[in-house]
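Enquirer: Let me see the structure of the following:
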Amino acid sequence: MVRVMALGYRSFLYVDPDQPVVDTLIAHLDRWLSNKGIGTPAGKPGHYVRGKNDVITVVDDEETDCRTYRWRREHPYAQGDGDMWRTTVTAVERPHAAGFWWTEVELPLTPPPDGAMSSTFMSAPGFVREILGELSCRDGQTPVLATPQWVSEEYLPDLMDHLADGTRRGPVLVASHHGREPDELERWSVRVSWQLAGLGTMFLLDKEIEKEFNEMVGRSHAVAPGTVRTYAPQVCLDDSHDPKRHRTLGNQRIRYNPASRVCYLLGMAQRDRTSRIPVPEEARDVDLELVNKEKEMRPDGNHAEVVPLPSVQRNGTSAKTLSSATPNGRHSPAPPAQQTQQRTQPPSQLEGHASNGDSPQPVARAGGHHGTEFQDARSPAELQHENAALREHIQVLSEMLGNYQRCERAILSAVSTLNDEMKTLRNRLREQRANGSAETPGDPETTNTP
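Expert: The predicted model follows:
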């Protein structure tokens, strides 16, 4: 059976040489699985059938001069009849050389109801942030950190190097301090960057550093007060057309939207972009080797075939996809306790911070079963997690509805005020005309004196 799937999240990162990326990944995967109520060991190779179409495959190969590891789970998707989703984590560890690891979360591409919007937004798995806090990870030559970081004067040249880095895949985001105290900006930045885990790093500027930064990049590349600017790879300060590539989330949109909405806007824009960038060739070679090893481990007839279709554009074309130091001496803002679980934001149109290019659209899927076949395979912990995600959907939608209602009331009030002003103006014009017609040429108050 063939299923069509889309890429909802992808992070590809390098790690510094001689770091135990595989063992670190296994340790965090075990904790993550335990929190979800899944007892299958992440460090023991095998093909584990947990229930109807709920399968975990673990590959750990040390036969060559490097160590390759893959953990993959395919299981029913709660929001669709017979649909599946797939989480894949792959790591390569090489002696005395940089290793790498990447994470992909795929979900079904199914046609939405008439008039409904579709989304391929998937939350960053919780273990991604934990690993970022333990290993030195980078995107090209740019560090990817677990939390937003303040920029010191000494780090400004490094930040300029990060902007110019043509080897990075993801964004560098720079946030202005304007209108927020430092502690408030830290808390806010952690919330709005929550869904950027593994995709990019946000840097924070205080008043003095912001002034110096803007002088260094020039007016067209500067960060406006109270905004967040997303810098695409390979910033070119001398190119007059380059500033158009680096989108700004404006002050008004930030001010009048809850942090959860801003988080979704930033996260969705980068998911759309990274889903269309293939992983490096060396990673594709590793992927092919691991796919063959997975097939060897898989019992015949015990598993559905899944065809990845990670990036389908509006025009129907698809993109080929495969399954330094802290900038300052200040402390990094810690993630709030209420956000320790992975978060999923509701589908929404990207207004004001769209990525470059069309966003994924649904296509027809092949195969499928009735959803009731899978319900017994889900653990209570997973159902609780999905229930929490649905509750968060409702909360965010309620916040959005409240914002729209307040906006509507403000518009109606403005229209009413404008009508009153127009009535007053018309009355004044009528009075002036009436006074003018009643005047006589001999009236000393209206006669011009030569």
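Enquirer: ok, how many other residues are close to residue 157?
Expert: Using other C-beta atoms under 10 Å, residue 157 is surrounded by 10 other residues. No exception for glycine: its C-beta is placed from N, CA and C like everyone else's.
Enquirer: Downstream of the helix or strand that contains it, the next helix or strand is which one?
Expert: Using DSSP states H and E, residue 157 maps to helix 156-164. Next along the chain after helix 156-164, taking DSSP H and E as the criterion, comes strand 172-175.
Enquirer: Need the contact partners of that following strand.
Expert: 142, 148, 159, 162-163, 185, 189, 193, 196, 200-205, 213, 223, 227-231, 266 (C-beta atoms under 8 Å, 6 or more residues apart in numbering).
Enquirer: And the helix holding residue 157, what does it pack against?
Expert: Using 3 or more C-beta pairs under 8 Å, 6 or more residues apart in numbering; DSSP states H and E, the elements in contact with helix 156-164 are strand 172-175, helix 207-217.
Enquirer: Out of the contacts of strand 172-175, name the ones that lie in helices.
Expert: Judged by DSSP state H, helices contain the following of the contacts of strand 172-175: 159, 162-163, 185, 189, 213, 266.
Enquirer: so where's the stretch 251-400 of the chain shaky on pLDDT?
Expert: Within the stretch 251-400 of the chain, the stretches with pLDDT under 70 are 299-386, 388-393, 395-396, 399-400.
Enquirer: ok, residue 103 touching residue 25?
Expert: No: in terms of C-beta atoms under 8 Å, residue 103 does not count as a neighbour of residue 25; the distance is 9.4 Å.
Enquirer: joint contacts of the two?
Expert: By C-beta under 8 Å, 6+ apart, the residues touching both residue 103 and residue 25 are residue 89.
Enquirer: So for the helix holding residue 157, what gets flagged as buried?
Expert: 156, 158-159, 162-164 (16 or more other C-beta atoms under 10 Å).
Enquirer: One more: stretch 175-190?
Expert: Residues of stretch 175-190 classed as buried by neighbour count (16+ other C-beta under 10 Å): 175-177, 180, 185-190.
Enquirer: quick one: least confident of those residues?
Expert: Among the buried residues of stretch 175-190, residue 180 has the lowest pLDDT, at 83.
Enquirer: right, and residue 100 touches residue 13 too?
Expert: Yes: under the criterion of C-beta under 8 Å, residue 100 makes contact with residue 13 at 6.5 Å.
Enquirer: More neighbours: those two, which one.
Expert: Using other C-beta under 10 Å as the criterion, residue 100 and residue 13 rank with residue 13 on top: 25 against 21.
Enquirer: and the more buried one, what does it touch?
Expert: Neighbouring residues of residue 13 by C-beta under 8 Å, 6+ apart: 100-102, 137-139, 144, 198.
Enquirer: That one: which element?
Expert: In this assignment (DSSP H and E), residue 13 forms part of strand 2-15.
Enquirer: quick one: the helices in the stretch 51-200 of the chain?
Expert: 126-132, 156-164, 182-192 (DSSP state H, counting those that start in this stretch).
Enquirer: Figure out which of those is closest to residue 88.
Expert: When the helices of the stretch 51-200 of the chain are compared by C-beta to C-beta, helix 126-132 sits nearest residue 88, at 12.8 Å.
Enquirer: hey, C-alpha coordinates of the closest one in PDB?
Expert: Only the C-alpha atoms of helix 126-132 are listed here, as PDB (Å, rounded to 0.1, in the frame of the first residue of the first chain):
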ATOM      1  CA  GLY A 126      11.100  18.000  22.300                       C
ATOM      2  CA  PHE A 127      14.400  16.200  22.200                       C
ATOM      3  CA  VAL A 128      15.700  18.600  19.500                       C
ATOM      4  CA  ARG A 129      15.900  21.500  22.000                       C
ATOM      5  CA  GLU A 130      17.600  19.200  24.600                       C
ATOM      6  CA  ILE A 131      20.300  18.100  22.200                       C
ATOM      7  CA  LEU A 132      20.900  21.600  21.100                       C
END
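Enquirer: what's in contact with that helix?
Expert: With contact meaning C-beta under 8 Å, 6+ apart, helix 126-132 is reached by 11, 24-25, 28-29, 31-32, 35, 101, 103, 137, 144-146, 197-198, 335, 340-342.
Enquirer: And the average pLDDT for that helix is what?
Expert: 94.
Enquirer: now, which of the buried residues of helix 156-164 sits nearest residue 41?
Expert: Ranked by distance to residue 41 (C-beta to C-beta), the buried residues of helix 156-164 are led by residue 162 at 37.9 Å.
Enquirer: Name all residues that make contact with that closest one.
Expert: By C-beta under 8 Å, 6+ apart, the contact set of residue 162 is 141-143, 168, 172.
Enquirer: a markdown table for these, including pLDDT?
Expert: Listed next are the contacts of residue 162 as a markdown table, based on pLDDT from 0 to 100:
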| residue | pLDDT |
| --- | --- |
| 141 | 94 |
| 142 | 96 |
| 143 | 96 |
| 168 | 94 |
| 172 | 96 |
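Enquirer: Closest to residue 298 out of those?
Expert: When the contacts of residue 162 are compared against residue 298 (criterion: C-beta to C-beta), the nearest one is residue 168, at 35.6 Å.
Enquirer: Contact partners for the closest one?
Expert: By C-beta under 8 Å, 6+ apart, the contact set of residue 168 is 139-142, 162, 233.
Enquirer: Quick check on those: which are buried?
Expert: 139-140, 142, 162, 233.
Enquirer: Give me the mean pLDDT for stretch 75-95.
Expert: Taken as a whole, stretch 75-95 carries a mean pLDDT of 79.
Enquirer: Quick one: end-to-end distance for that stretch.
Expert: The first and last residues of stretch 75-95 sit 35 Å apart, counting by C-alpha to C-alpha, to the nearest Å.
Enquirer: any chance of the buried residues of helix 156-164 in JSON lines, plus pLDDT and distance to residue 74?
Expert: JSON lines is the format used below for the buried residues of helix 156-164 (pLDDT from 0 to 100; distance: C-beta to C-beta, whole Å):
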{"residue": "156", "pLDDT": "96", "distance to residue 74": "46"}
{"residue": "158", "pLDDT": "96", "distance to residue 74": "41"}
{"residue": "159", "pLDDT": "97", "distance to residue 74": "40"}
{"residue": "162", "pLDDT": "97", "distance to residue 74": "36"}
{"residue": "163", "pLDDT": "97", "distance to residue 74": "39"}
{"residue": "164", "pLDDT": "96", "distance to residue 74": "40"}
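Enquirer: which pair in these spans the largest distance?
Expert: The span of those, defined through C-beta to C-beta, is set by 156 and 164 at 13.0 Å.
Enquirer: ok, what's across the strand from residue 46?
Expert: Legend: beta-bridge partners of residue 46 under DSSP bridges are residue 58.
Enquirer: Which pLDDT does the model give it?
Expert: If you check residue 46, the pLDDT there is 92.
Enquirer: one step back: I'd like the helices of the stretch 51-200 of the chain as CSV, with distance to residue 243 appended.
Expert: Output for the helices of the stretch 51-200 of the chain, formatted as CSV (distance: least, C-beta to C-beta, whole Å):
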stretch, distance to residue 243
helix 126-132, 29
helix 156-164, 12
helix 182-192, 22
